[in-house]
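Visitor: kindly return the folded structure for what I paste below:
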Amino acid sequence: MLSNCNCISNGQNPKIATFVFGDSLVDVGNNNYLVSLSRADYPPNGIDFGMPTGRFCNGKTMLDFLAEEFGTIASPPYLAPYAKGPLILQGINYASAGSGILNETGQIYIGRINFDAQLDNFANTKNDMISLIGAAATDELVNKALFVVNFGSNDFIANYFVPDYIKEFWQPKTPPPQDFIDSMISKLRLQLTRLFNMGARKIVVPNVGPIGCTPAEREFNGKLKNSDCVAFPNQIAQSYNIQLKNLLTELSNNLKGSIFLYANAYRIFNDIVTNYKSYGFEVPDTACCTEGGRYGQIIVCNPTSTYCKDRTKYVFWDLFHPTEATNSIIIKRLLDGDINDISPMNLRQLLSL
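Guide: The predicted model follows:
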């Protein structure tokens, strides 16, 4: 029931468990239980969902749409008090807004659960599943499950791009871009290998989207309306994405039985922003939920913010996050897209295996 659980169900029994790791793009409420500056459990967030749930969106995330497509339950947040018992066998969402691959990422938000800690939480869930159904059945469930790993944006937005005078408390100075990317890839290799060693076999990893096209980056970099996206954030994202794709190929070759899917979120989202009219949008650069600034966001979406009447016409809900309408387009392309959108196969093909 929505009054007790911010889940979506379109069927009685899930066909596959889904375990989600990531940041605010896929957080469904874990940060509600943290002392954090990155929370979305208040209006107008969730205005089209029926209530605020902790989703950084006016409505459904990509994974909500995925659950609907396959008649499953959208995985509940790990920290929710109801996420226990048999419900965990249908999958859990460990994602936390403000989190990243690197443990120092997101310190500006105070509370968040980075990837290493999310993996620790999954280990706890796996032990709980063993207590419920036994080790053999747990191994089978985890081997067949879908794993989504959505990180990277905050390692740039809430770490690399943070001014040195702020982050001097956790690192001496900002390294060169390539050194920083190398550190992300090295850390991610260890994390994904750990996930594999805990039984994950079907793992979808979206790359970093065109963060230079977000209302926040446009605002903070002084871009004029209707101008191009901010170049440097997009360039560093693309450099990271190249190495991420190579890493996933390496892991697929070296970890027997694994299937790592590279989801090209950058390509899909950039296409939406560039060709927004063809998708039915009218506003590709300004946040629907507004609180000052030329692009509608210099403060996070909050109860004092105003918001657009027709959310279906906006690509962005707030300073960083897509609207429900945008999320629906992205997931459709990940479900049925060609190898330019997601490789070496799409989600529908993966889940049919």
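Visitor: could you pull up phi and psi at L190?
Guide: phi -60, psi -40 (degrees, to the nearest 10).
Visitor: oops, could you answer that again for N93 instead?
Guide: Torsion angles, degrees, to the nearest 10, at N93: phi -110, psi 120.
Visitor: that one: what's it in contact with?
Guide: Counting by CB atoms under 8 Å, 6 or more residues apart in numbering, N93 makes contact with 19-20, 26-28, 30, 63, 74-78. Using the backbone N, CA and C atoms, a C-beta is placed for each residue, glycine as well.
Visitor: looking at those, spot the one nearest L347.
Guide: L63 (10.9 Å; CB to CB).
Visitor: tell me the spacing between the closest one and E250.
Guide: 26 Å (CB to CB, to the nearest Å).
Visitor: more neighbours, the two?
Guide: Using other CB atoms under 10 Å as the criterion, L63 and E250 rank with L63 on top: 26 against 13.
Visitor: distance of that one relative to I73?
Guide: Counting by CB to CB, the separation of L63 from I73 is 11 Å.
Visitor: helix or strand: which one has V204?
Guide: If you go by DSSP states H and E, V204 is part of strand 202-206.
Visitor: could I have that strand exported to PDB, CA atoms only?
Guide: Below are the C-alpha coordinates for strand 202-206, written out as PDB (Å, rounded to 0.1, in the frame of the first residue of the first chain):
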ATOM      1  CA  LYS A 202      23.500  -9.900 -14.600                       C
ATOM      2  CA  ILE A 203      24.800  -6.400 -14.000                       C
ATOM      3  CA  VAL A 204      23.700  -3.200 -15.800                       C
ATOM      4  CA  VAL A 205      26.000  -0.200 -15.500                       C
ATOM      5  CA  PRO A 206      24.800   3.100 -16.900                       C
END
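Visitor: which outside residues touch that strand?
Guide: Applying CB under 8 Å, 6+ apart, the external contacts of strand 202-206 come out as 144-150, 192, 195-196, 244, 248, 258-265, 334, 342, 347, 350-351, 353.
Visitor: among those residues, which ones are in helices?
Guide: 144, 192, 195-196, 244, 248, 265, 334, 347, 350-351 (DSSP state H).
Visitor: which phi and psi does the residue nearest to Q178 when sequence neighbours are not counted have?
Guide: Distance criterion CB to CB, 6 or more residues apart in numbering; nearest residue to Q178, sequence neighbours excluded, is S239 at 7.2 Å. The phi/psi pair for S239 (degrees, to the nearest 10) reads phi -60, psi -40.
Visitor: number of residues surrounding S239?
Guide: S239 has 15 nearby residues by other CB under 10 Å.
Visitor: re the thing from before, buried ones only from the contacts of strand 202-206, please, as a PyMOL command.
Guide: Selection of buried members from these for PyMOL, criterion 16 or more other CB atoms under 10 Å:
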select buried, resi 145+146+147+148+149+150+192+195+196+244+248+258+259+260+261+262+263+264+265+334+342+347+350+351
